[in-house]
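Enquirer: From the sequence below, what's the structure:
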Amino acid sequence: RPAAARRTPHLASPRTRVAGRQSGARGRLPLATMPADDDHCAICADVLTHVAVPRCGHAESCATCGVRLRVVLRDARCVICQVEADCIFVCRVGQEPPPASAYDGFPAAARAGKLHRLAAADAYFDDAHHYASMKALTAITHPALAAGGSPAPVFNSMKQLRAALAAKGLHLCPVCVDGRKLFAAEQQVYSEAALARHRTTGDADGPLAESGFKGHPACRFCRRRFYGDGELFAHMREAHEHCFLCRRADPDDWTYFQDYASLASHFASAHHACAVQSCLDARFVVFGSAAELAAHAAREHAGGGGSR
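Expert: Residues are numbered from 1 along each chain as shown. This is a model prediction of the structure:
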């Protein structure tokens with residue numbers, strides 16, 4: 001099969017065949033595979049200007065990625081040593097970060113006005129201007145709502161933001177909001193027609209089009225779209241069924257059945273299923289050959305155990 005076809009789910013009623021090996025779940029790379037140097041963020045690879053420093057002292061991520069990890073992904077680990085960080089200190093590149101013992105005093109320093117605390121990330125800043133810019137970035141707002149030289153309004157919930165965008169004929173993609181781990185202000189907005197295209201075939205232009213995005217893959221059984229192939233495969237494994245005998249014969253065969261009833265029909269027509277009622281109730285009692293089924297029957301049902 002062509003490589004492109006192996007990555008594309010398609011429907012073969014009453015089953016769906018997702019051909020190709022499953023990709024891993026979306027997320028940041030294992031740290032051992034991350035390129036890192038003194039000048040670029042270990043996560044986004046942008047040139048470092050401000051760094052987010054946990055108590056462990058590793059200063060390899062930019063402030064934006066450090067805050068995004070804690071606010072959007074709810075991940076408080078250091079990107080280098082993976083130790084859980086109770087808070088981070090944000091400072092300029094080249095600035096000597098405080099020792100680990102000083103972190104215990106950050107709350108008091110913030111109350112005294114010596115530091116600025118971004119509560120959503122439990123991040124402390126010594127630069128008021130940078131603190132203000134990061135606070136604005138984490139707010140529930142979108143630049144598409146800015147008008148007349150005034151900044152975009154800030155909302156208390158994503159529901160309010162969506163309503164305000166809808167009033168202007170603009171929409172967020174709910175799949176991207178859940179799966180594309182960005183601040184609300186960084187998400188793409190679409191007209192109704194552009195959103196339909198985005199979901200099915202991808203964007204006509206913009207950063208996602210440049211990255212080769214071709215739309216959100218769908219589960220043909222549930223008629224639900226997922227952020228990417230990793231999320232779709234996870235859903236197929238959890239919500240639907242696959243034939244272990246077909247998979248054993250061809251490890252690249254990713255055929256899924258809507259439910260066990262559909263799979264049982266496949267077992268009966270394509271393989272050698274035990275028809276004894278107790279085995280039907282137990283489920284998955286099926287064999288790759290008639291000889292294996294006969295051996296099973298002699299071993300398990302020779303004394304008349306079970307009922308047909």
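
Enquirer: Low-confidence regions, the protein specifically.
Expert: Scanning the chain for pLDDT under 70 picks out 1-37, 304-308.

Enquirer: Go again with 50.
Expert: Scanning the chain for pLDDT under 50 picks out 1-13, 19-36, 306-308.

Enquirer: For it, just list every one of the helices.
Expert: Using DSSP state H, the helices of the chain run over residues 3-6, 63-71, 106-111, 128-138, 158-167, 174-179, 192-200, 207-210, 229-239, 244-249, 260-270, 277-282, 290-300.

Enquirer: Any chance of a markdown table for those helices, columns distance to Pro151?
Expert: Every C-beta, even on glycine, is put in place using the N, C-alpha and C of the backbone. Output for those, formatted as a markdown table (distance: least, CB to CB, whole Å):
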| stretch | distance to Pro151 |
| --- | --- |
| helix 3-6 | 44 |
| helix 63-71 | 19 |
| helix 106-111 | 25 |
| helix 128-138 | 8 |
| helix 158-167 | 13 |
| helix 174-179 | 21 |
| helix 192-200 | 25 |
| helix 207-210 | 23 |
| helix 229-239 | 34 |
| helix 244-249 | 54 |
| helix 260-270 | 54 |
| helix 277-282 | 64 |
| helix 290-300 | 70 |
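
Enquirer: Of the ones you listed, which stretch is the most buried?
Expert: Greatest average neighbour count among those goes to helix 63-71 (a mean of 24), per mean count of other CB atoms under 10 Å.

Enquirer: neighbouring contacts of it?
Expert: Identification of contacts with helix 63-71 by CB atoms under 8 Å, 6 or more residues apart in numbering yields 41, 43-44, 49-52, 61, 75-77, 79, 88, 90, 118, 120-123, 130, 134, 137-138, 181-183.

Enquirer: That helix vs helix 128-138, what angle?
Expert: If you take axes from the mean of the first three to the mean of the last three CA atoms, to 10 degrees, helix 63-71 sits at 50 degrees to helix 128-138.

Enquirer: Next, give phi and psi for the nearest residue to Thr200 once chain neighbours are set aside.
Expert: Leaving aside its chain neighbours, Thr200 sits nearest to Gly215 (4.9 Å; criterion: CB to CB, 6 or more residues apart in numbering). Phi and psi for Gly215, reported as degrees, to the nearest 10, are phi 100, psi 160.
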